[in-house]
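>>> Need a 3D model of the sequence below.
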Amino acid sequence: MKQYCRYCAYCVGETDFVNVSWCDLKQKEMSSNTAKTENHCKDFEFNPIDAFNLDGRYKPQEKRRSHEIKTDARGNKYVIDDDSYEQLVFDF
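Have a look, this model is predicted:
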């Protein structure tokens, strides 16, 4: 899982009065852009509530399905789907 300060329990997002974000654990300010980009902080503690939108919740992205195209001896092309293992024939 990628981690962002905005989903960290220690992050306090910007408000109408203050235009910077705050890390409560490290006691330092950071720009909102920094809080919204991926990081590798060792102190990260996941919190599903978005620090910038308190109504927003973390929604993990679905993994993309991988497809493999194979050609048989006659030149017919098949797509093999990893999830269902079904072969679909395309007319080219």
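>>> quick check: domain ranges of this protein?
The chain resolves into domains spanning 3-39, 65-92 when parsed by automatic domain parsing.
>>> List the buried residues of the longest one.
By neighbour count, with 16 or more other CB atoms under 10 Å as the criterion, the buried positions of domain 3-39 are 4-8, 10-14, 21-23, 30, 32, 35-36. Just so you know, the C-beta spots here come from the backbone N, C-alpha and C atoms, and that holds for glycine as well.
>>> Distance across it, terminal residue to terminal residue?
End-to-end distance for domain 3-39: 6 Å, by CA to CA, to the nearest Å.
>>> how far away is residue 57 from residue 49?
Residue 57 sits at a distance of 7 Å from residue 49 (criterion: CB to CB, to the nearest Å).
>>> Tell me which of the two has more neighbours.
Neighbours were counted for residue 57 and for residue 49 using other CB atoms under 10 Å; residue 49 has more, 14 against 10.
>>> burial of the closest residue to residue 58 other than its chain neighbours, as a residue count?
Spatially, and ignoring its direct neighbours in sequence, residue 58 is nearest to residue 48 (4.4 Å; CB to CB, 6 or more residues apart in numbering). Other residues near residue 48 number 11, with proximity taken as other CB under 10 Å.
>>> roughly how far apart are residue 63 and residue 30?
Counting by CB to CB, the separation of residue 63 from residue 30 is 30 Å.
>>> residue ranges with poor pLDDT in this protein?
Applying pLDDT under 70 to the predicted model, the residue ranges of the chain that meet it are 16, 64-67, 79-92.
>>> Need the outlier residue of it, farthest from its centre.
When distances are taken from the C-alpha mean of the chain, residue 74 lies farthest, 41.8 Å away, according to CA atoms, centre = their mean.
>>> any idea how far the residue nearest to residue 58 is from residue 8?
Residue 48 sits 11 Å away from residue 8, going by CB to CB.
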